[in-house]
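[1] Output the structure for:
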Amino acid sequence: MENVVAIEGASQAEELVLEPDICNFSSITEHVHDQESIDIVWWSNAVFLPLIALLGLACNLLNIAILTSNRGARRIPIWTLLLALAVCDCLFLVFAVLDVTPLSIPSLSLSPTFNHFYSHVVLYIRTLASTFYKSSVLIVVAFNVERYICVLHPLKSHSVCTGKTSRLAIYACFIISLFCSVQWPLAYDVKKCYDSSSQEYFYAVLLTDNPTLK
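    Below you'll find the predicted structure:
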């Protein structure tokens, strides 16, 4: 039986097409009764990941509180880098949990309303998570470059390692990270699929049919 698929376009109009096996998830669902695998995924994604994220958020929020409340710390040239690093880490943890955890909770993943909503926002959540993750890495690189200049070229550090330079480095890190993460909404499409086994429609995020973006 051919699957009926509705492709969500930029115009928000749905084009019904007949294409066999475009939403074939038999390779995924054939192990649906493997309770051990389900339990492992649930414990790792729905329990341990949020706990690790909460711990990371607590530490980074404490770091932000110290950096913003201590006036003496603001005089340090790397203050801006440290604050931006803590903020990016917090945002990455939030969007990483939003990206991974919901699909590991059966009451959410099996809800048609949630499936419709989540499938249309998950690519943007993943883009933001990837952007802030890469920004954190690049800010650490900028921090190490600043330390290198201060240690090996102390006379030049006063003119090179300034607050303005740090802000420019942060802007550059964010722009580069966003550019390297924008592939998610471009290379993937949200498609409405018909599951012949359950005889229900559901939305799925699949690789785009555009050969240029594959």
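
[2] hey, let's count contacts and neighbours off CA atoms from now on
    OK.

[3] any weak-confidence spans in the protein?
    1-35, 197-198, 213-214 (pLDDT under 70).

[4] Strands of that one, residue ranges please.
    4-8, 14-18, 188-195, 200-207 (DSSP state E).

[5] What are the contacting residues of the last one?
    Read that as strand 200-207. Here strand 200-207 makes contact (C-alpha atoms under 8 Å, 6 or more residues apart in numbering) with 23, 112, 115-116, 119, 187-195, 214.

[6] Could you identify the most distant pair in those residues?
    Pro112 and Lys214 (28.4 Å; C-alpha to C-alpha).

[7] Now do the helices in the protein.
    When secondary structure is read from DSSP state H, the chain shows helices at 26-29, 35-42, 49-69, 79-100, 106-109, 112-152, 154-160, 163-181, 183-187.

[8] could you check the distance from the most centrally placed residue in the chain over to Arg147?
    Closest to where the C-alpha atoms of the chain average out (C-alpha atoms, centre = their mean) is Ala129, at 2.3 Å. Going from Ala129 to Arg147 by C-alpha to C-alpha, to the nearest Å gives 27 Å.

[9] and what of Ala169?
    Applying C-alpha to C-alpha, the value for Ala169 to Arg147 is 14 Å.

[10] Ok, Thr131 next?
    Distance, Thr131 to Arg147, using C-alpha to C-alpha: 24 Å.

[11] Correct me if wrong: Pro77 contacts Gly163.
    Yes: counting by C-alpha atoms under 8 Å, Pro77 touches Gly163, with 5.4 Å between them.

[12] And the residue lying farthest from the centre of the chain, how far from Ser177?
    Distance from the centre of the chain peaks at Leu155, with 40.4 Å (C-alpha atoms, centre = their mean). Between Leu155 and Ser177 the computed distance is 32 Å (C-alpha to C-alpha).

[13] Likewise for Val100?
    When Val100 is compared with Ser177 (using C-alpha to C-alpha), they lie 20 Å apart.

[14] Can you pick out the residue with more neighbours from these two?
    More neighbours surround Ser177 than the other of Val100 and Ser177, with 22 against 16 (other C-alpha atoms under 10 Å).

[15] domains for the chain, by residue range?
    Using automatic domain parsing, the domain ranges for the chain come out as 1-33+186-214, 37-181.

[16] check contacts around Thr162.
    By C-alpha under 8 Å, 6+ apart, Thr162 lies in contact with Pro77.

[17] List phi and psi for it.
    Main-chain torsions, Thr162, degrees, to the nearest 10: phi -120, psi 170.

[18] Neighbour count for Pro112 and Lys214, which is higher?
    Pro112 (14 against 11).

[19] Quick check: beta-bridge partners of the nearest residue to that one once chain neighbours are set aside?
    Excluding the flanking residues, the one nearest Pro112 by C-alpha to C-alpha, 6 or more residues apart in numbering is Phe202, at 6.9 Å. Phe202 has these beta-bridge partners by DSSP bridges: Cys193.
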